[in-house]
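*Asks:* below are the sequence and a predicted model; questions follow.
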Amino acid sequence: MIHAVLTIDDLPSQNTRAIVDYLNSKDIQALMFVVGGWYPGSRENAVYALQHGMILGNHSFTHPFFSELSREECIEEIEKNEEFLDKLYEDAGVERRFRPFRFPYGDKGGENKEFLQEYLKDRHFNKVTDTSFDFPFWKDMGLDKDIDTFWTFDFGEYNIRKGSGFTEEDVFKRVEDPYPEDGVNVLEDGRHHLLLLHAHDETEELVPEYYKHFIDYLLDKGYVFDRPEFFDA
Ligand SMILES: [Zn+2]
C-alpha cells in the first residue's frame, strides 16, 4: 500500500469545480493552494471547493519568486492572500481550522528563508504532518523542520503547454520510472507521499480531465489517499 496526501496548486481555475466533483466521487480530500490575485473572475469556484469538503491554503497573492522580494513584499504577498482566504471561508460558511502555506515554485525566499520560516511560525501557519515521510531528502533538505508545505513528488503536468512538446506520456514516464534521478520512485510500496498537481486551464484544454488520468492510475496501483493532517500551530 502507498499512502498519499494530494495537494493541488494555483486555484481558482475554471476547472476547479470539475476537479472537486471528481475528488469527491473518489472520496479524496485535497489540500488546494489559492493564489488570490490571479483569477478573480472565478473566485466562486474556490468557494465551491470549500463547500464541497476541500481544504484551502495560501499560495501567495500574485505567485512571485519570493527570493526576488524584500521582506516587506514577502509579508504583503502572504497577508493579502490571508485576507482573501479568510473572506473565502466566510463566504463559504466554513470554519477555517488550518492555515497551510506553500511558496510559489517552491522558492523559499533565498536569503530570507530563515526569516520567513520564523514568520510563518509566529503567525501560526500549520505544517502538514510529515512524520511518516521517510525519503532521505526530506530531512537532508530540512523539510521536516520547515513550516511551509513542500512535496515529495510533482507530476510536472503543468509543462503540458502549447508548443512545449511535453505530453501526458512524459508525465507517465516519470511516474513509472523505477530508478528516477531524484530517487523518488512513485510506485514503491510502503511509501508516504505529498503529491503535487496543478489546476491549470491550459492543461485542461490540451488534455481534458488530465487529473483523472493520473489519480485513477495511482488508485489502480493501490494508492490510498489520506486526509491532510496538520501539526498544531
Ligand atoms: Zn503555483
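*Replies:* Perfect, thanks for sending it.
*Asks:* distance from the chain centre to stretch 222-233, please.
*Replies:* With C-alpha atoms, centre = their mean, to the nearest Å as the basis, stretch 222-233 stands 13 Å off its chain's centre.
*Asks:* go through it and flag the buried ones.
*Replies:* For stretch 222-233, a neighbour-count test (16 or more other C-beta atoms under 10 Å) marks 223, 225, 226, 228, 230 as buried. The C-beta positions use only the backbone N, C-alpha and C, and glycine is treated the same way.
*Asks:* from the ion, how far out is the nearest residue to the fourth one once chain neighbours are set aside?
*Replies:* Okay, so that is residue 228. Leaving aside its sequence neighbours, residue 228 sits nearest to residue 31 (C-beta to C-beta, 6 or more residues apart in numbering; 4.3 Å). Applying C-beta to the ion, to the nearest Å, the value for residue 31 to the ion is 13 Å.
*Asks:* for residue 31, give the beta-bridge partners.
*Replies:* Judged by DSSP bridges, the bridge partners of residue 31 are residue 7, residue 55.
*Asks:* do the same with residue 153
*Replies:* residue 195.
*Asks:* tell me which helix or strand residue 88 sits in.
*Replies:* helix 71-92 (DSSP states H and E).
*Asks:* right, and the helix or strand after that helix?
*Replies:* Downstream of helix 71-92, the first helix or strand assigned by DSSP H and E is helix 113-122.
*Asks:* so which bits of the very next helix or strand once past that following helix are buried?
*Replies:* Next along the chain after helix 113-122, taking DSSP H and E as the criterion, comes helix 136-140. Buried positions in helix 136-140, judged by neighbour count with 16+ other C-beta under 10 Å: residue 138.
*Asks:* can you list contacts of helix 136-140?
*Replies:* Here helix 136-140 makes contact (C-beta atoms under 8 Å, 6 or more residues apart in numbering) with 130, 143, 144, 152, 182, 183, 184.
*Asks:* check whether the helix holding residue 88 contacts the ion.
*Replies:* No: using C-beta under 5 Å from the ion, helix 71-92 stays clear of the ion, coming no nearer than 12.0 Å.
*Asks:* now tell me what touches that helix from outside.
*Replies:* By C-beta under 8 Å, 6+ apart, helix 71-92 touches 34-37, 43, 46-47, 50-51, 56-62, 64, 66, 69, 95-96, 99, 101, 109, 112, 115-116, 119-120, 123.
*Asks:* on that earlier part again, nearest to residue 159 among the buried residues of stretch 222-233?
*Replies:* Using C-beta to C-beta, residue 223 is the member of the buried residues of stretch 222-233 that lies nearest residue 159, at 22.2 Å.
*Asks:* can you give me the distance of that closest one to the ion?
*Replies:* Distance from residue 223 to the ion, by C-beta to the ion: 23 Å.
*Asks:* brilliant, that's me finished.
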